[in-house]
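Asks: Sequence first, then the predicted structure:
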Amino acid sequence: MIEYSVLFVCTGNTCRSPMAEGLAKHALAKLKGVSAEQLEEAGVRVRSAGVMTGGGSPASAQAVEAMEKVGVDLSGHASSALTEDLIQDADVIYTMTDSHRQAVLMHSPAAADKTHRLDPAGDIIDPFGAPVDVYVQTAEMIREALAQRLAERYGDEVKA
């Protein structure tokens, strides 16, 4: 049974939201004392989606490489389009930008109370097409924001 379901949203679901999903799975699996693959069995579902994707695309090569540096494997990622079902299933939705938040709310105005920018201080820039070092910087911004968000739910026990 799923006790907590989180959804990360960006544009194409090939860079930022898959990195956030991978980092969240890594951190939450540690907290639960399971592998990332066993996370759902432990009651936590972590997903990601894009507001402008047909789905099925792999994570960008730079995102895969940036995540390898922190021990997160995105090689099997396939993008998913944002759907009403994903929105309804999530207990909380974290978007990379305010425009992504607005896109979620266009799908489902009722999701307003559970949809937030991952970084309350501002948008997380899109590294698409940039060199790997920019993806690494973006991943660090995501990791810092994610640590704050996970602490809101789990306290300081979670280290993203």
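Replies: Good, I have the coordinates. Keep in mind the model is a prediction, meaning the values are calculated, not measured.
Asks: count of residues packed around residue 159?
Replies: 12 (other C-beta atoms under 10 Å). Using the backbone N, CA and C atoms, a C-beta is placed for each residue, glycine as well.
Asks: what about residue 58, neighbour count?
Replies: Neighbour count for residue 58, taken as other C-beta under 10 Å: 15.
Asks: Just want the phi and psi numbers for it.
Replies: Phi and psi for residue 58, reported as degrees, to the nearest 10, are phi -70, psi 170.
Asks: That one: what's it in contact with?
Replies: 14, 64, 75, 77, 78, 79 (C-beta atoms under 8 Å, 6 or more residues apart in numbering).
Asks: For the chain, give the helix that spans the most residues.
Replies: helix 132-154 (DSSP state H).
Asks: Quick check: buried residues in that helix?
Replies: 132, 134-136, 138-139, 141-143, 145-146, 149-150 (16 or more other C-beta atoms under 10 Å).
Asks: Tell me the most packed of the contacts of residue 58, by neighbour count.
Replies: Neighbour max across the contacts of residue 58 (other C-beta under 10 Å) = residue 14, 25 neighbours.
Asks: can I assume it is in contact with residue 56?
Replies: No - with contact defined as C-beta atoms under 8 Å, residue 14 does not count as touching residue 56 (10.5 Å).
Asks: Now for those two: what residues contact both?
Replies: Residues touching both residue 14 and residue 56 (C-beta under 8 Å, 6+ apart) are residue 79.
Asks: Show residues contacting stretch 33-52.
Replies: 1-14, 17-18, 20-22, 24-26, 28-29, 32, 79-83, 86, 89-90, 100, 103-104.
Asks: from the residues you listed, which would you call buried?
Replies: 5-14, 17-18, 20-22, 24-26, 28-29, 32, 79-80, 82, 86, 90, 100, 103-104.
Asks: So which of the residues you listed are in strands?
Replies: In strands, defined here by DSSP state E, the members of the buried ones among the contacts of stretch 33-52 are 5, 6, 7, 8, 9, 10.
Asks: burial of the closest residue to residue 124 other than its chain neighbours, as a residue count?
Replies: The shortest distance from residue 124 to any non-neighbouring residue, by C-beta to C-beta, 6 or more residues apart in numbering, is to residue 96 (4.5 Å). A count of nearby residues for residue 96, using other C-beta under 10 Å, gives 28.
Asks: need the contact list for residue 96.
Replies: The neighbours of residue 96, taking C-beta under 8 Å, 6+ apart as the test, are 8, 9, 10, 11, 16, 17, 20, 117, 118, 123, 124, 126.
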